[in-house]
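# Sharing a sequence plus its predicted fold:
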Amino acid sequence: MFLRAIQFTGKRGAAGKGYPFNIPAFRNVETISITRPVTFFIGENGTGKSTLLEAVAALCGFHAGGGSRSHSFSYQATESELKEHIRLSWRPKVTDGFFLRAETFYHFASYIDELAKEEPLILKYYGGRSLHEQSHGEAFFALFQHRFDRRGIYLLDEPEAALSPARQIAFLRLLWQMEQTGNAQFLIATHSPILLAYPGATIYNLDYSPLQSVEYEDTEHYRLTRDFLNNRASFFRHLFEG
């Protein structure tokens with residue numbers, strides 16, 4: 001455990017008016033406690049989970065487009081203002097780690113290819129060959145296997161985006177292996193009911209105002225997937241016959 005809390009700063013105003021407290025999940029929130037090595041952020045699109053992760057990445061010194069503190073490449077900037085309204089509580093602070101953004105991974109892979117022209121050995125951290133020469137899922141998994149092997153904090157925005165269900169389950173194994181070392185902490189924004197099943201993780205649901213910690217079985221991801229698999233015919237009647 002390195003990051004212990006995400007603390008909101010500044011005046012909240014009446015009923016939490018003004019940014020970032022006009023985001024329902026952050027209304028009247030002072031601190032998001034981080035008590036486990038693996039923490040998930042869930043919620044519908046637009047609830048603020050990726051915005052929060054991006055702000056944490058910025059305060060960690062990671063490139064806003066993804067990567068670590070040493071990476072810098074051009075991409076269409078979407079950097080959040082939220083970083084101006086939070087501070088991070090560390091014990092102890094770490095300076096290494098990685099920020100994965102699924103939506104900018106192509107740009108990151110191109111950047112690594114450019115670096116490899118001068119430093120070919122850099123590819124050992126990505127499976128030994130260009131990330132562009134691997135499928136999207138292979139490239140993600142190569143990154144997880146070969147780059148996430150050092151002491152640090154790892155911020156992952158929708159890591160399941162390129163992973164098959166089998167690869168997602170394999171990723172849970174990697175999470176567990178890294179947690180056992182005591183050298184890695186993960187903050188993950190996800191929609192995946194498979195990843196959310198990771199035992200002992202904290203799950204924060206940003207669909208609530210303010211956000212709430214929830215149990216896996218109480219997430220819509222779990223309940224909807226369970227109900228769909230148990231009774232597909234009923235779902236299809238509702239979807240197609242109405």
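Right, received. Where do you want to start? Numbers count the residues shown, from 1 in each chain.
# Show me which positions of the helix ranked longest in the chain end up buried.
Longest helix of the chain, by residue count under DSSP state H: helix 165-181. Residues 167-168, 171, 175, 178-179 are the ones in helix 165-181 that count as buried (16 or more other Cβ atoms under 10 Å). Every C-beta, even on glycine, is put in place using the N, C-alpha and C of the backbone.
# List just the nearest of these to His191.
Lowest distance from His191 to the buried residues of helix 165-181 (Cβ to Cβ) belongs to Gln168, with 11.3 Å.
# Could you measure from that closest one over to Leu174?
Between Gln168 and Leu174 the distance, using Cβ to Cβ, to the nearest Å, works out to 11 Å.
# which residues do those two both contact?
Common neighbours of Gln168 and Leu174 are not found (criterion: Cβ atoms under 8 Å, 6 or more residues apart in numbering).
# Can you list the low-confidence ranges for this structure?
11-17, 70-79, 242 (pLDDT under 70).
# mind listing the helices in it by residue range?
49-60, 105-118, 136-147, 165-181, 220-230, 232-240.
# Determine which stretch of those helices is the most buried.
helix 49-60 (a mean of 23; mean count of other Cβ atoms under 10 Å).
# picking up where we left off before, turn the buried residues of helix 165-181 into CSV, including distance to Asp157.
CSV is the format used below for these (distance: Cβ to Cβ, whole Å):
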residue, distance to Asp157
Arg167, 17
Gln168, 15
Phe171, 14
Leu175, 16
Met178, 18
Glu179, 20
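# quick one: the residue of the chain positioned farthest from its centre from Ser234, how far?
Largest separation from the mean C-alpha position in the chain: Glu241, at 37.5 Å (Cα atoms, centre = their mean). Distance, Glu241 to Ser234, by Cβ to Cβ: 11 Å.
# do the same with Ala201
31 Å.
# ok, now Leu52?
36 Å.
# again with Lys83
Distance from Lys83 to Ser234, by Cβ to Cβ: 45 Å.
# Just send the helices of the chain back as a markdown table, with distance to Phe8 too.
Converted to a markdown table, the helices of the chain look like this (distance: least, Cβ to Cβ, whole Å):
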| stretch | distance to Phe8 |
| --- | --- |
| helix 49-60 | 10 |
| helix 105-118 | 29 |
| helix 136-147 | 31 |
| helix 165-181 | 27 |
| helix 220-230 | 26 |
| helix 232-240 | 39 |
